[in-house]
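> The sequence and its predicted three-dimensional model are supplied below.
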Amino acid sequence: MRRFFLFSLLATAAGLSFSAHDAALAGQPLAEPIIIRHAFGETVITEKPERVATVAWANQEVPLALGVVPVGFAAANFGDDDGDGLLPWVSERLGTLDAAPPPLFDEGDGIDFEAVAEVRPDVILAAYSGLTAADYETLSLIAPVIAYPEAPWSTNWRDMIRLDSAGIGMAAEGDQLIARTEAEIAAEVAKYPELSGKTAMFITHLDATDLSVVNFYTTHDTRVQFFADLGLEAPASVVAASKGASFSGSLSVERVDALDDVDIIVAYGDNVLYEAMKANPLMSRIPAVKNGAVVLLGSDPLGTAANPTPLSISYVLDDYVAKLAAAARKSAATPE
């Protein structure tokens, strides 16, 4: 009875519906095993997991979005302004579920296998991660592991939800979450028709004192993939640089003319970086820089959420899309 009450409480908070039959499945043999194929082979789950742990960035957001509080997950290591290990949308969701934060794993030096083992998980979610084969093998000694489908750190937000929700026996609820999120994104993007047809490039790790190399995310990175959700297109120059499996690339600034098809630039940095870009005789020739069509992101929630995750999308969607739309309008201006 206590287990059914807990499931009912979490389901109500999440806007989901569970029956006594659903709740009774936790820890019980499944009619058919769950088989999830991933980069390291396949994971077979024969019982509905009751104790869910997650490692790496953001995987905890899938069970939380579905009303399940993990028994442990990774502490935030970027964008955590108050130092409590929780990003604001995670704190907000825990509050909605009236749940205290569980043990947080310090992954500053890699996965803390002992900490993960201590929470005695039935399953470990890592669909969006950079697990190595050794990491996967060690975690698998603790509990079944849901790893990424193809390459490290390249799982888009939809697949993160699909894989992680399947791993906890909630695939149907995961599909519903995807549909709701897609509808929310579409409604927001519809407010800004100026985004349609514009190209966007995500530049990263630029040094304002040395702009000899332009570093950027390729189409394998989730930040760039999110542009398509927001009505933007990848420039042909970025597509051409994305033929391998890497989620990042670089281009000598002497070849900056290859970026003539970039309407909007999104970059981590501040106005010091932007002024340096404008002052650089080569980088200033990029159309987006000429027109001021640059969206600068810091280590605040908006900068963190540019890498889309199940809970962060709703949290920053209106602000992010508005900034991109403002840059799109500037991209139509006549360069100075």
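Arrived safely. Everything quoted here is computed from the prediction, not taken from an experiment. Residues are numbered from 1 along each chain as shown.
> Give me the distance between residue 121 and residue 207.
According to C-beta to C-beta, to the nearest Å, residue 121 and residue 207 sit 41 Å apart. C-beta here means a position set from N, CA and C on the backbone, and glycine is covered the same way.
> So between these two, which is more surrounded?
Shown here are residue 121 and residue 207; by other C-beta atoms under 10 Å, residue 121 has more neighbours (24 against 12).
> burial count for the closest residue in space to that one that isn't next to it in sequence?
Closest residue in space to residue 121, ignoring its immediate chain neighbours: residue 53 at 3.6 Å, by C-beta to C-beta, 6 or more residues apart in numbering. Residues near residue 53, counting by other C-beta under 10 Å, number 32.
> hey, what's residue 53 bridged with?
residue 72, residue 124 (DSSP bridges).
> tell me the contacts of it?
70-73, 116, 119, 121, 123-125, 143 (C-beta atoms under 8 Å, 6 or more residues apart in numbering).
> Among those, which pair sits farthest apart?
73 and 143 (13.7 Å; C-beta to C-beta).
> Which residues outside the helix or strand where residue 165 lies are in contact with it?
Element membership of residue 165, judged by DSSP states H and E, is helix 157-167. With contacts defined as C-beta under 8 Å, 6+ apart, helix 157-167 is touched by 34, 36, 38, 43, 45, 49, 54, 58-59, 62-63, 65-66, 123, 125, 127-128, 144, 146, 148-149, 155, 171, 173-175, 177-178, 181, 222, 226, 308-310, 313.
> Straight-line length of stretch 46-64, end to end?
22 Å (C-alpha to C-alpha, to the nearest Å).
> Which positions within it qualify as buried?
47-50, 52-64 (16 or more other C-beta atoms under 10 Å).
> mind checking how far that stretch is from the chain centre?
For stretch 46-64, the distance from its own C-alpha centre to the chain's C-alpha centre is 15 Å (C-alpha atoms, centre = their mean, to the nearest Å).
> same deal with stretch 172-188?
For stretch 172-188, the distance to the chain centre is 15 Å (C-alpha atoms, centre = their mean).
> now it: mean pLDDT?
The average pLDDT within stretch 172-188 is 98.
> what pLDDT does residue 213 get?
92.
> again, but for residue 246
On the pLDDT scale, residue 246 is placed at 78.
> now do residue 14
Model confidence at residue 14, given as pLDDT, is 35.
> Please apply the same query to the one 5 residues further on.
Taken from the predicted model, the pLDDT recorded for residue 19 is 33.
> For the stretch 1-150 of the chain, just list every one of the helices.
Ranges of helices in the stretch 1-150 of the chain, per DSSP state H, counting those that start in this stretch, are 2-14, 20-24, 61-65, 88-96, 113-118, 133-140.
> Mean pLDDT lowest where, among those?
Looking at those, the bottom one is helix 2-14 with a mean of 33.
> how about the helix or strand where residue 328 lies: buried residues?
For residue 328, the host element (DSSP H and E) is helix 312-331. Counting neighbours by 16+ other C-beta under 10 Å, one finds that the buried residues in helix 312-331 are 312-317, 320-321, 323-328, 330-331.
> now do stretch 181-188
181, 185, 188.
> OK, contacts around the first one?
This points to residue 181. 157, 310, 313-314.
> And it, how far from residue 165?
From residue 181 to residue 165 the distance is 12 Å (C-beta to C-beta).
> Domain map for the chain?
2-187, 193-331 (automatic domain parsing).
> Starting from residue 300, give me the distance back to residue 316.
9 Å.
> do the same with residue 265
18 Å.
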